[in-house]
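K.L.:
no FASTA, just this:
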């Protein structure tokens, strides 16, 4: 007997071929990440419906998709992407502001709406009577566990988390995390869907706040900020040490600049005394003067950032 | 007024040039790291005395130095090293088993004896009457703070920690950490000595257990081991996530294999319940069958290790 929660058997076991292909995908929410998920799914051959709540959001979404098609062709884009492949991707996306219409023929619905428990639960309640029996529902939530949401879905065995990273075509991990109620076959089919999207599926065998990546990254960033708050070392010193000591291309403060100091602030405020002291420092020394990290050109570093010494 | 504990002024301030050059160096202890410190100092032009307690240790040390001279010429060695430069380095090293003779003309004594508080304190007590007035004493201790040792030295203003990493010519950080009693000029002269040795000096403004590198690394490794102990994800999954998510060349379990599982075990045993559970797992699944990490060819991975996906 193979367990679909064991990566070895999930990929290579006798049942792997039987995972239901998920080829018709609806993405709920067309923000930065929702648009990336939808475009990458379309780029890799899925028929995609991009849903958002109003015509204004859809107009923004159309621009985001055009922007992604252009970005894929740049050196920061996807190697091998061409005018033809990106235009084909755009043609595989349809837009909708009608929830019932958007999901009517979906094999997979990926929810990527704002990070609010109540918003997501309300949406799931409205979805429940609209979804076809076969449809798998996945949340891209970064901070909630699927167990926080599952009872609102009405389909516990067909619900799990599928978590992507920003700049999905480069940072191509897809963390897959079920609840105890998630069907092994559904888990497996979502892993295969992610792989088909060009992602490296990261299979979590149990629910874990922060999935794998943030469970590792947050302690590192907290340790770095503690060294700064305690006055042990400055960001450049900490980052230089990390780059030389581990061979990594970026130190923790460089990573914080990429994540964005607003997000770092929000996470730190929720931490202990050192976290709150760090949040105050970020607010006072950076956010209050418009330095929000790499996106603003100014954070712990001015950009372009220094390379490793 | 400039503070020597501020890296900006320490490197570039008006007083930088006045730091006393430390050109005659004695290294106490010729183990793996002691030998590397002594050889690298000699390679970069210092006159070096390598001290150890007996003829047997000195015989081993001579072999270590010959080995380092050979290693510097390999692709894993120091770019630019030649037969001539390595032979010159060897000629700049003298050996001694007589403590008084070893330190009689030292500008700097680097203590790299085994990691025992009592051993180091006893040694410092014997050194105190032997050291010239001008001599700076530095400990390479990884786990002790200089404050734990300073009262045994008899020269608080000329004592500090100077901490190197294994494979010193590649992992070329030198963490410099004083006590409140360390003289600013001494601190600065040791920073300049480290720079002259080809190191990147990492200046700590306050004492910090684990210095900078281990203060960052240990929380990351603990977070990784917690994911394994809790059954969330296996080592390959964790490492893949880290490599893709941060661009780092090695994931935390690969790093543990390099550090060595005996050391990881020792550190984990001293941790909380998850650390102890991890230590038990390492003992049972790895150490008990001789898998001590990369050095043994077998740890979380078999070597040669897989590269990033």
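P.N.:
Yep, that arrived. Note that this is a predicted model, so its numbers are computed, not measured.

K.L.:
who's in contact with residue A:108?
P.N.:
A:22, A:24, A:25, A:26, A:135, A:136, A:137, A:138, A:190, A:193 (C-beta atoms under 8 Å, 6 or more residues apart in numbering or on different chains). Bear in mind the C-beta positions are built from the backbone N, C-alpha and C, glycine included.

K.L.:
Check whether the last one sits in a helix, strand or coil.
P.N.:
What that stands for is residue A:193. Residue A:193 falls in the helix class when you classify it by DSSP: H, G, I helix; E, B strand; the rest coil.

K.L.:
Now it: closest residue in space that isn't a chain neighbour?
P.N.:
The shortest distance from residue A:193 to any non-neighbouring residue, by C-beta to C-beta, 6 or more residues apart in numbering or on different chains, is to residue A:22 (4.4 Å).

K.L.:
now swap in the fifth one and tell me
P.N.:
When the adjacent residues along the chain are set aside, residue A:135 lies closest to residue A:106, with 5.2 Å between them (C-beta to C-beta, 6+ apart).

K.L.:
In this structure residue A:227 contacts residue B:212, no?
P.N.:
Yes. If you go by C-beta atoms under 8 Å, residue A:227 and residue B:212 touch, sitting 6.4 Å apart.

K.L.:
taking the contacts of residue A:108 one by one, which sit in helices?
P.N.:
A:190, A:193 (DSSP state H).

K.L.:
Including pLDDT and neighbour count, could the contacts of residue A:108 go into JSON lines?
P.N.:
Below are the contacts of residue A:108 laid out as JSON lines (pLDDT from 0 to 100; neighbours: other C-beta atoms under 10 Å in any protein chain shown):
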{"residue": "A:22", "pLDDT": "94", "neighbour count": "25"}
{"residue": "A:24", "pLDDT": "98", "neighbour count": "19"}
{"residue": "A:25", "pLDDT": "98", "neighbour count": "25"}
{"residue": "A:26", "pLDDT": "98", "neighbour count": "30"}
{"residue": "A:135", "pLDDT": "98", "neighbour count": "20"}
{"residue": "A:136", "pLDDT": "98", "neighbour count": "27"}
{"residue": "A:137", "pLDDT": "98", "neighbour count": "28"}
{"residue": "A:138", "pLDDT": "98", "neighbour count": "29"}
{"residue": "A:190", "pLDDT": "98", "neighbour count": "28"}
{"residue": "A:193", "pLDDT": "98", "neighbour count": "28"}
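
K.L.:
Just name the closest of the contacts of residue A:108 to residue B:293, please.
P.N.:
If you rank the contacts of residue A:108 by distance to residue B:293 using C-beta to C-beta, residue A:190 comes first, at 34.8 Å.

K.L.:
partners of residue A:138 in the sheet?
P.N.:
Beta-bridge partners recorded for residue A:138 (DSSP bridges): residue A:110, residue A:160.

K.L.:
Please name the residues that touch it.
P.N.:
The contact partners of residue A:138, taken as C-beta under 8 Å, 6+ apart, are A:108, A:109, A:110, A:111, A:159, A:160, A:161, A:162, A:190.

K.L.:
Nearest to chain B among the residues you listed?
P.N.:
residue A:161 (12.9 Å; C-beta to the nearest C-beta).

K.L.:
thought the closest one was touching residue A:139?
P.N.:
Yes. Between residue A:161 and residue A:139 there is a contact at 5.2 Å, judged by C-beta under 8 Å.

K.L.:
any common contacting residues for the two?
P.N.:
In contact with both residue A:161 and residue A:139: residue A:146, using C-beta under 8 Å, 6+ apart.

K.L.:
Would you mind listing what in the stretch 201-309 of chain A touches chain B?
P.N.:
A:202-206, A:208, A:212-213, A:215-220, A:222-224, A:226-227, A:230-234, A:236-238, A:240-242, A:244-250, A:252, A:255, A:309 (C-beta under 8 Å from any C-beta of the partner chain).

K.L.:
one more time with 6 Å, if that's ok
P.N.:
A:202, A:204-206, A:208, A:212-213, A:215-216, A:219-220, A:223, A:227, A:231-233, A:237-238, A:241-242, A:244-245, A:247-249, A:309 (C-beta under 6 Å from any C-beta of the partner chain).

K.L.:
Just the buried ones from those residues, in ChimeraX syntax?
P.N.:
Only the buried entries of those go into this ChimeraX selection, using 16 or more other C-beta atoms under 10 Å in any protein chain shown:
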select /A:202,204,205,208,212,213,215,216,219,220,223,227,232,233,237,238,241,242,244,245,248
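
K.L.:
thinking again about what came up before, turn the contacts of residue A:108 into JSON lines, columns for distance to residue A:73.
P.N.:
JSON lines is the format used below for the contacts of residue A:108 (distance: C-beta to C-beta, whole Å):
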{"residue": "A:22", "distance to residue A:73": "27"}
{"residue": "A:24", "distance to residue A:73": "26"}
{"residue": "A:25", "distance to residue A:73": "23"}
{"residue": "A:26", "distance to residue A:73": "26"}
{"residue": "A:135", "distance to residue A:73": "33"}
{"residue": "A:136", "distance to residue A:73": "32"}
{"residue": "A:137", "distance to residue A:73": "33"}
{"residue": "A:138", "distance to residue A:73": "29"}
{"residue": "A:190", "distance to residue A:73": "29"}
{"residue": "A:193", "distance to residue A:73": "25"}
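
K.L.:
From the contacts of residue A:108, pick the one nearest residue A:46.
P.N.:
Closest to residue A:46, out of all of these and judged by C-beta to C-beta, is residue A:25, at 4.6 Å.

K.L.:
Which parts of the stretch 1-150 of chain A are strands?
P.N.:
A:24-28, A:47-51, A:93-96, A:108-111, A:136-139 (DSSP state E, counting those that start in this stretch).

K.L.:
Could you dump those strands into TSV with distance to residue A:67 added?
P.N.:
Shown next, in TSV, are the strands of the stretch 1-150 of chain A (distance: least, C-beta to C-beta, whole Å):
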stretch	distance to residue A:67
strand A:24-28	16
strand A:47-51	14
strand A:93-96	13
strand A:108-111	20
strand A:136-139	24
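
K.L.:
Could you name the stretch from these that's closest to residue B:51?
P.N.:
strand A:136-139 (63.1 Å).

K.L.:
quick revisit: how about the residue nearest to residue A:193, what does it touch?
P.N.:
A:107, A:108, A:189, A:193 (C-beta atoms under 6 Å, 6 or more residues apart in numbering or on different chains).

K.L.:
ok, residue A:287 to chain B distance?
P.N.:
Note on residue A:287: its distance to chain B, by C-beta to the nearest C-beta, to the nearest Å, is 24 Å.

K.L.:
An error on my part: the question was meant for residue A:292.
P.N.:
21 Å.

K.L.:
Could you measure from residue A:84 over to chain B?
P.N.:
From residue A:84 across to chain B, the span is 28 Å (C-beta to the nearest C-beta).

K.L.:
tell me the pLDDT at that residue?
P.N.:
We have a pLDDT of 98 for residue A:84.

K.L.:
tally of neighbours for it?
P.N.:
8 (other C-beta atoms under 10 Å in any protein chain shown).

K.L.:
what do you get for residue A:166?
P.N.:
Look at residue A:166: counted by other C-beta under 10 Å, it has 12 neighbours.

K.L.:
list the contacts for it?
P.N.:
Applying C-beta under 6 Å, 6+ apart, no residues contact residue A:166.

K.L.:
hmm, 8 Å instead?
P.N.:
Counting by C-beta under 8 Å, 6+ apart, residue A:166 touches A:32, A:33, A:36.

K.L.:
so how far is residue A:213 from it?
P.N.:
Using C-beta to C-beta, to the nearest Å, residue A:166 is found at 12 Å from residue A:213.

K.L.:
now do residue A:77
P.N.:
22 Å.

K.L.:
now swap in residue A:88 and tell me
P.N.:
Distance, residue A:88 to residue A:213, using C-beta to C-beta: 31 Å.

K.L.:
Next, count neighbours for the residue lying closest to residue A:182 once chain neighbours are set aside.
P.N.:
Closest residue to residue A:182 in three dimensions, ignoring its sequence neighbours and counting by C-beta to C-beta, 6+ apart: residue A:160, at 4.7 Å. For residue A:160, the count of nearby residues is 26 (other C-beta under 10 Å).

K.L.:
I am finished for the moment; much appreciated.
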